[in-house]
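Student: return atomic coordinates for the entry below.
(chains A and B)
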Amino acid sequence: MNLPAYNKSALVVWKKNLKSFWLIYSQNIMGLLGLGILTFFALMAIFGPYLVSITTLTIDGVTQVMHPPTSNYWLGTDDLGKDVFAGVIIGSRVSLLVGLAATAISMTIGTSIGIISGFYGKFTDTLLMRFTDVFLVIPWLPLMLVMAALLGPSLGNIIFVIGITSWAGTARIIRSQTLSIKERPYVERARAIGSGDGHIMIYHILPNVFPLIFANTVLVAAIAILSETTLSFLGMGDPTQVTWGMMLHFAFSMGAVSFGAWWWLLPPGICVVLVVLSFTFIGYALDEVLNPKLRRRDQ
Amino acid sequence: MRLLEVNNLTTYYKLKEGYVRACENISLNLDKGEALGLVGESASGKTTAALSLVKLLPENAHVMDGSIRLGGREISGATEEELRTIRWKEISIIFQGAMNALNPVRRVGDQIVEALRIHEKMSEKEACRRTAELFDKVEIDQERVREYPHEFSGGMRQRVMIAMAIACNPKVVIGDEPTTALDVMVQAQVLQLLEELRREWQMGMILITHDLSVVGETCDRVAVMYAGKIVEAGPTEKVFEQPAHPYTRALISAFPNIEGERYLASSIPGNPPNLLNPPSGCRFHERCQEVIAPCKTDDPASTELSSGHLASCHLLKRKVKL
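Tutor: Next up, the predicted model:
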């Protein structure tokens, strides 16, 4: 066995850890597939907008409206003559951004509330969990719609609304795990060495709930992207932004269905499904990899 | 001045049905560099008594009474904030079952560094260097500080726990059954290590165990607990050679002796009493072979048999009188 030496730099050790993580992860076909799809969309979001001409999204470049795919317009054009292919590529940027930012908010709230609630118990727990229950039982779509309508359609508000409505499940899961971890002997030992509550929560409980946080993050990310699409589709999105949801919204309201313009409706829809699917796949794979009980020593 | 002086320490656990009298009127003394063994069967209150010193008890435990003087300073009324500075810096603990006392997802070195940095103002680098030194001290390869607990064997983990316990140069180390889960070979190594460190650093040590041979080997003095009370205390040789309390005698004869004549180790009939409703009088009277009338009604006072050798039994008074 190759032992990491203490005097080796942290980077070397980190690299070794990453390598061993990858060795296990790469055994998982589902995880590889999800990662592949997600990488494709991530690259598309980062580099895509530099590759397609922005003019194809403006009305100036009109050649024909509602045109089926041609060699110039790979996915045809919409009712204003804008290129659907360019729209799909540029839309990936906002869709992913909203998804990730909302997930970050959701996970931060969910994890903090879960750990604090589980760790302190008693009155704090009751208070925070009843608060969480409220968010759990309120139908999230109407709540989101109302909040989005009240706050107004801007990108920041969409992120905020999705983030604030999707943390409840995470809080519950993290709380239950915290309840179990805080009774473990090493937490008692941590207290014996003189650690305070905050220290124990950050250095002892948080690292132990990390696998759950990871697995949850990808699942919440999938939901967040879906929520963004839903909100935009229902007309609560920012009309100045090109997102997959907005594309679907316009396609639907402009009668793409009755016109039979499948090239306008299907691409953004399929993109959403693929991204959500990839996150779900990664979530399952991570769950398997990060659960040390499922991990084999010889890997 | 005594290093640690405990008087009439009483800790109860509160249940719906009432109080569990887990430890009552415990008095202990500990000098610098001295090892005190705290023996008794399971549920006799050994751990409760020791953990009461730094109040590392479950929420339903209440320290009802008693004084704890550490180096002449009264700490029984210390606030949580004060206790945090006392814990580990002055009184550290080697936990029962080191397998579970180390956080599985953090490197062992980091966990010692953590203990150091809570109490000593030192840089990360300094703490790491100190940790490496401690690993040397407990005879573990320095390179292994970066590994995780699951990469260590049971004995090594226990040694890591010892390294952690002595990290801040504590005055008192409480060993809560530090060798219980280990096989005899590793047990001997760990005990020898503890002995060396105790002599070298002049730490006081309280060794909680139910293994009399461990006590006989390492401790200067021993206190025998039964059902929440100390029934006999004194220098180890005195207690082992001239046990005064029937319970101590029964406990010693329950251990086979490898040197003396061969006999079948005897067990003590019956079960320890329910501490929710402890029996009146002497708590051992229900299982005692030599029970006499006052045992059932009066709590025996402690009698000093020789210098430092105390026992609580009615029979002793009678013997003295006769």
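
Student: please count neighbours and contacts with C-alpha atoms only from this point.
Tutor: Will do.

Student: which SS class is the closest residue to B:S76 other than its chain neighbours?
Tutor: Spatial nearest neighbour of B:S76, chain neighbours left out: B:I68 (5.2 Å); criterion: CA to CA, 6 or more residues apart in numbering or on different chains. Secondary structure state of B:I68, per DSSP: H, G, I helix; E, B strand; the rest coil, is strand.

Student: hmm, B:E5 and B:I68 touching each other?
Tutor: Yes: contact criterion CA atoms under 8 Å: B:I68 and B:E5 qualify, at 5.8 Å.

Student: those two - which one has more neighbours?
Tutor: Between B:I68 and B:E5, counted using other CA atoms under 10 Å in any protein chain shown, the more crowded position is B:I68 (24 against 19).

Student: list the residues that contact that one.
Tutor: B:4-7, B:9, B:53, B:74-76 (CA atoms under 8 Å, 6 or more residues apart in numbering or on different chains).

Student: just confirm B:L38 contacts B:Y226, I think it does.
Tutor: No: using CA under 8 Å, B:L38 makes no contact with B:Y226, being 10.5 Å away.

Student: the two - which one has more neighbours?
Tutor: B:L38 (30 against 24).

Student: need the pLDDT of that one.
Tutor: What the model reports for B:L38 is a pLDDT of 90.

Student: are we agreed that it is in a strand?
Tutor: Yes: note on B:L38: a strand contains this position according to three-state DSSP.

Student: that one bridge partners, please.
Tutor: Beta-bridge partners recorded for B:L38 (DSSP bridges): B:I208, B:A223.

Student: skipping its backbone neighbours, what lies nearest whichever residue of the stretch 101-250 of chain B sits closest to chain A in space?
Tutor: Ranking the residues of the stretch 101-250 of chain B by distance to chain A (CA to the nearest CA) places B:A101 first, at 4.0 Å. Excluding the flanking residues, the one nearest B:A101 by CA to CA, 6+ apart is A:Y186, at 4.0 Å.

Student: tell me the pLDDT at the one you found?
Tutor: Predicted confidence (pLDDT) for A:Y186: 85.

Student: for B:L28, grab phi and psi.
Tutor: Main-chain dihedrals, B:L28, degrees, to the nearest 10: phi -140, psi 150.

Student: what about A:S258, how many neighbours?
Tutor: 9.

Student: what does the one 10 residues further on give?
Tutor: Residues contacting A:P268 under the criterion other CA under 10 Å number 25.

Student: give the full set of residues in contact with it.
Tutor: Contacts for A:P268 (CA under 8 Å, 6+ apart) come out as A:88, A:244-245, A:247-248.

Student: any chance of these in CSV, with secondary structure too?
Tutor: Formatted as CSV, those follow (three-state DSSP):
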residue, secondary structure
A:V88, helix
A:W244, helix
A:G245, helix
A:M247, helix
A:L248, helix
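
Student: how about the residues of the stretch 51-200 of chain B near chain A?
Tutor: B:56, B:83-89, B:92-93, B:95, B:100-103, B:105-106, B:115, B:118-119, B:142-147 (CA under 8 Å from any CA of the partner chain).

Student: how close does the residue nearest to B:S76 get to A:L150?
Tutor: According to CA to CA, to the nearest Å, B:I68 stands 62 Å off from A:L150.

Student: also B:G175?
Tutor: 62 Å.

Student: and for B:F95?
Tutor: Distance from B:F95 to A:L150, by CA to CA: 56 Å.

Student: more crowded one of those two?
Tutor: The residue with more neighbours, out of B:F95 and A:L150, is B:F95; 25 against 10, by other CA under 10 Å.

Student: surely the more buried one and A:A190 touch.
Tutor: No: counting by CA under 8 Å, B:F95 stays clear of A:A190, with 11.2 Å between them.

Student: anything in the helix or strand encompassing A:S20 near chain B?
Tutor: In the assignment (DSSP states H and E), A:S20 maps to helix A:10-25. No: using CA under 8 Å from any CA, helix A:10-25 stays clear of chain B, with a minimum separation of 9.0 Å.

Student: can you check stretch A:209-223 too?
Tutor: No: Stretch A:209-223 stays clear of chain B (CA under 8 Å from any CA), getting no nearer than 9.7 Å.

Student: dump that stretch to PDB, keeping only the CA atoms.
Tutor: Output in PDB follows, covering the C-alpha atoms of stretch A:209-223 (Å, rounded to 0.1, in the frame of the first residue of the first chain):
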ATOM      1  CA  VAL A 209     -23.500  14.300   6.900                       C
ATOM      2  CA  PHE A 210     -21.500  15.300   3.800                       C
ATOM      3  CA  PRO A 211     -22.400  12.100   1.800                       C
ATOM      4  CA  LEU A 212     -26.100  13.000   2.400                       C
ATOM      5  CA  ILE A 213     -25.500  16.600   1.400                       C
ATOM      6  CA  PHE A 214     -23.800  15.500  -1.800                       C
ATOM      7  CA  ALA A 215     -26.400  13.000  -2.800                       C
ATOM      8  CA  ASN A 216     -29.100  15.600  -2.000                       C
ATOM      9  CA  THR A 217     -27.500  18.400  -3.800                       C
ATOM     10  CA  VAL A 218     -27.700  16.700  -7.100                       C
ATOM     11  CA  LEU A 219     -31.300  15.700  -6.600                       C
ATOM     12  CA  VAL A 220     -32.300  19.200  -5.500                       C
ATOM     13  CA  ALA A 221     -30.400  20.600  -8.500                       C
ATOM     14  CA  ALA A 222     -32.500  18.500 -10.800                       C
ATOM     15  CA  ILE A 223     -35.700  19.800  -9.100                       C
END
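
Student: burial count for the closest residue to B:S312 other than its chain neighbours?
Tutor: The shortest distance from B:S312 to any non-neighbouring residue, by CA to CA, 6+ apart, is to B:S302 (4.1 Å). The number of residues packed near B:S302 is 18, by other CA under 10 Å.

Student: okay, B:S302: pLDDT?
Tutor: pLDDT, B:S302: 82.

Student: alright, calling it a day.
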